[in-house]
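Asks: Okay, structure incoming, though there's no sequence with it:
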């Protein structure tokens, strides 16, 4: 069973698409897309154990960090490029987004919503939030660029990205009421304007 | 599952080929012998054969030991055997000695049928492509139409790549480890220094030293020493030797006082006793010449376009002789061709030599890749 946010991402990818998955982990999404939607694709992954897991699944993978890994690909090589739950840990967010729409027609990102009400409560209580989506202490977190859906939308506009789809999730289900406060995860699909 | 083991006692075989081999240089070998070893069983459908290509100083003796010979384990014995990453219970593994080498296949030490004397300097130049075409004839003779995989490290990796390019229909998987699609100027320079050392040795006699009953040992020794330095990483050398001295205090002379000097000289001496000087020249030249993109105006993407195999590429972070940049370049060109490829960069401290060592992450990866081949999925 595919993780809910990955299943939603998969729905945004057309059958037969060429897909690049940045930080592809154990290759679950790419293997799923290959097996159910006839997609072909590559992953970029830095971890030895995840590269091994991809190899076991027969998923094509490049072992590299995302920023140098993206440079390995020529312009418009892919239909869709996915960056799942990693944007907030990127050092050069703008560059990565620009690179995504260089190598592919469309991009999909997901990230934890820092604007969740529980984070606000935690901050009001004088502490940095620690939640299932952001389970780190302030001193050991890899998340250096946390943002809210609104923040992301503003950046996307500034970078000339057209957002075509948005889903805000709480407990892996879309949230309709007060989503920017209640959603834990934000999912976007965008393309070059 | 049994503990990983050895393929046990093995014996080399030899096959003679009568059909002349046209070489890249325009010369031809009228006839030749290829020395090889096999491990495991060829299955009924003849689909589980794996060819192992060797690097500069290795041979067909990939795995197992020779009867009655201590310390005779094959050069990739840690990778090939029952329960090992290349599992001989599932694969039929072939190791073959390349033409021009000095371990049994026809080379400069072999008698030239035209004169009855060793070829020596007159042995024709052989290239990676020539080797691959001779190996293809061995595959024909063994009844293998298509390899489950061709694997090699370093110069062996070049052969694996060349197989995938020259005989795409005969290679299901190509495992190219610690290799490159072309040597850098720096690499060629090192090779030239090594060759110069051999050629400058008065015992070399222009390559025809056999008739003089001598061996250009001093040249071979220096060639090996310089080669060996480039196979290790700087950090690894510091770690192993540092500035340690063999005896206490400086001797204020030029003997082997530092541990690293003793080590290199020992390696050089050992090498000069078993390796042929002409073979060293030939093989380093084959390394220099390998450049499949030479036929496509330097375009590696087009050079690799014919290759249809699935690929496993492995680089080692501290390998400065065949650096990860070169591995990435290969991966990139394969991706541009839409090929299935796993490119792994193993963070190992041992430089180029890492491909021969049994780093657990590296071996797990190669094992996992072969598991997938064996399962029929790749």
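Replies: Arrived safely, thanks for sending. Small disclaimer: the values here were computed from a predicted structure and weren't measured.
Asks: Only C-alpha atoms from now on, for both contacts and neighbour counts.
Replies: Fine.
Asks: can you pull out the helices in the stretch 251-378 of chain B?
Replies: Listed in chain order, the helices of the stretch 251-378 of chain B (DSSP state H, counting those that start in this stretch) span B:259-274, B:277-289, B:300-304, B:324-336, B:360-374.
Asks: Centre of the chain to the shortest one, how far?
Replies: This points to helix B:300-304. The chain centroid and the centroid of helix B:300-304 are separated by 22 Å under CA atoms, centre = their mean, to the nearest Å.
Asks: what helices or strands is it leaning on?
Replies: helix B:324-336 (3 or more CA pairs under 8 Å, 6 or more residues apart in numbering or on different chains; DSSP states H and E).
Asks: can I get the helices of the stretch 251-378 of chain B in a markdown table with mean neighbour count and mean pLDDT?
Replies: Below are these laid out as a markdown table (neighbours: other CA atoms under 10 Å in any protein chain shown; pLDDT from 0 to 100):
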| stretch | mean neighbour count | mean pLDDT |
| --- | --- | --- |
| helix B:259-274 | 17 | 96 |
| helix B:277-289 | 23 | 98 |
| helix B:300-304 | 21 | 98 |
| helix B:324-336 | 21 | 95 |
| helix B:360-374 | 19 | 97 |
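Asks: quick one, which of those helices is nearest to residue B:80?
Replies: Taking CA to CA, helix B:360-374 is the member of the helices of the stretch 251-378 of chain B nearest to residue B:80, at 10.0 Å.
Asks: Show me what the closest one is in contact with.
Replies: Helix B:360-374 has contacts (CA atoms under 8 Å, 6 or more residues apart in numbering or on different chains) with A:48, A:52, A:55-56, A:58, B:48, B:79, B:84-86, B:90-91, B:148, B:312, B:346, B:378.
Asks: any idea which of the residues you listed is the one closest to residue A:41?
Replies: Proximity of the contacts of helix B:360-374 to residue A:41 (CA to CA) peaks at residue A:58, which lies at 11.0 Å.
Asks: follow-up on the earlier one: of all the helices of the stretch 251-378 of chain B, which one is nearest residue A:64?
Replies: Checking those against residue A:64 by CA to CA gives helix B:324-336 as the closest, at 9.2 Å.
Asks: is the closest one anywhere near chain A?
Replies: Yes: Helix B:324-336 reaches chain A (CA under 8 Å from any CA of the partner chain) through B:328-329, B:331-332, B:335-336.
Asks: picking up where we left off before, out of the helices of the stretch 251-378 of chain B, flag the one nearest residue B:191.
Replies: Closest to residue B:191 of those, according to CA to CA: helix B:277-289, at 6.0 Å.
Asks: So which residues on chain B come close to chain A?
Replies: Listed as neighbours of chain A in chain B under the rule CA under 8 Å from any CA: B:328-329, B:331-332, B:335-336, B:340-346, B:361, B:364-365, B:368-369, B:371-372, B:377-378.
Asks: that older thread, quick one, which of the helices of the stretch 251-378 of chain B is nearest to residue B:186?
Replies: When these are compared by CA to CA, helix B:277-289 sits nearest residue B:186, at 10.6 Å.
Asks: packing partners for the closest one?
Replies: Here helix B:277-289 touches helix B:185-200, going by 3+ CA pairs under 8 Å, 6+ apart.
Asks: low-confidence ranges in chain A?
Replies: Applying pLDDT under 70 to chain A flags the ranges A:1.
Asks: Name the residue closest to the centre of it, please.
Replies: Central residue of chain A (CA atoms, centre = their mean): residue A:84, 2.2 Å from the mean position.
Asks: What residues are recorded as beta-bridge partners of the nearest residue to that residue once chain neighbours are set aside?
Replies: Spatially, and ignoring its direct neighbours in sequence, residue A:84 is nearest to residue A:110 (4.9 Å; CA to CA, 6 or more residues apart in numbering or on different chains). Going by DSSP bridges, residue A:110 is paired in beta bridges with residue A:84, residue A:187.
Asks: separation between the residue positioned nearest the centre of chain B and residue B:81?
Replies: Centroid check for chain B by CA atoms, centre = their mean gives residue B:55 as the closest residue, at 1.2 Å. According to CA to CA, to the nearest Å, residue B:55 stands 19 Å off from residue B:81.
Asks: For chain A, which residues are neighbours of chain B?
Replies: A:48, A:51-52, A:55-56, A:58-64, A:72-74, A:77.
Asks: ok so, going back, tell me the one of the contacts of helix B:360-374 nearest residue B:243?
Replies: Minimum distance to residue B:243 across the contacts of helix B:360-374 is 27.8 Å, recorded for residue B:346 (CA to CA).
Asks: dump the residue contacts of the residue nearest to the centre of chain A.
Replies: Contacts for residue A:84 (CA under 8 Å, 6+ apart) come out as A:22-24, A:108-111.
Asks: Please identify which two of the residues you listed are farthest apart in space.
Replies: Across those, the longest distance by CA to CA is 14.5 Å; it joins A:24 and A:111.
Asks: how about the helices of chain A, start to end?
Replies: Along chain A, the segments classed as helices by DSSP state H run A:4-11, A:28-37, A:48-57, A:66-70, A:93-103, A:117-124, A:149-158, A:179-182.
Asks: Save those helices as a markdown table, and put in mean neighbour count too.
Replies: Conversion of the helices of chain A to a markdown table gives the following (neighbours: other CA atoms under 10 Å in any protein chain shown):
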| stretch | mean neighbour count |
| --- | --- |
| helix A:4-11 | 17 |
| helix A:28-37 | 19 |
| helix A:48-57 | 21 |
| helix A:66-70 | 17 |
| helix A:93-103 | 19 |
| helix A:117-124 | 15 |
| helix A:149-158 | 15 |
| helix A:179-182 | 20 |
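Asks: Of those, which is nearest residue B:130?
Replies: helix A:48-57 (31.9 Å).
Asks: Run the angle between the closest one and helix B:360-374 for me.
Replies: For helix A:48-57 against helix B:360-374, the angle by axes from the mean of the first three to the mean of the last three CA atoms, to 10 degrees is 10 degrees.
Asks: distance of residue A:181 from residue B:253?
Replies: Going from residue A:181 to residue B:253 by CA to CA gives 78 Å.
Asks: Tell me, how many residues neighbour residue 13?
Replies: Assuming you mean chain A. Applying other CA atoms under 10 Å in any protein chain shown, we find 21 residues neighbouring residue A:13.
Asks: please go with chain B instead
Replies: Neighbours of residue B:13 (other CA under 10 Å): 13.
Asks: ok, it touching residue B:35?
Replies: Yes: if you go by CA atoms under 8 Å, residue B:13 and residue B:35 touch, sitting 5.7 Å apart.
Asks: Give me the below-cutoff pLDDT ranges for chain B.
Replies: Low-confidence segments of chain B, defined by pLDDT under 70: B:1-3, B:378.
Asks: where along it do the strands fall?
Replies: Along chain B, the stretches classed as strands by DSSP state E are B:13-17, B:21-22, B:28-29, B:32-39, B:49-53, B:80-81, B:86-87, B:92-96, B:149-153, B:173-177, B:310-316, B:341-346.
Asks: Tell me which of the ones you listed lies nearest to residue A:140.
Replies: Closest to residue A:140 of the strands of chain B, according to CA to CA: strand B:341-346, at 25.5 Å.
Asks: Work out the gap between the closest one and the centre of the chain.
Replies: Taking mean C-alpha positions (CA atoms, centre = their mean), strand B:341-346 and its chain are 20 Å apart.
Asks: residues in contact with it?
Replies: Contacts for strand B:341-346 (CA under 8 Å, 6+ apart): A:48, A:51, A:55, A:59-64, B:310-317, B:324, B:327-328, B:331, B:334-335, B:361-362.
Asks: one step back: figure out which of the helices of the stretch 251-378 of chain B is closest to residue A:115.
Replies: Of all the helices of the stretch 251-378 of chain B, helix B:324-336 sits nearest to residue A:115, with 38.8 Å by CA to CA.
Asks: if we can go back for a sec, what is the nearest of the contacts of residue A:84 to residue B:246?
Replies: Nearest member of the contacts of residue A:84 to residue B:246, counting by CA to CA, is residue A:23, at 49.1 Å.
Asks: separation between that closest one and chain B?
Replies: 14 Å (CA to the nearest CA, to the nearest Å).
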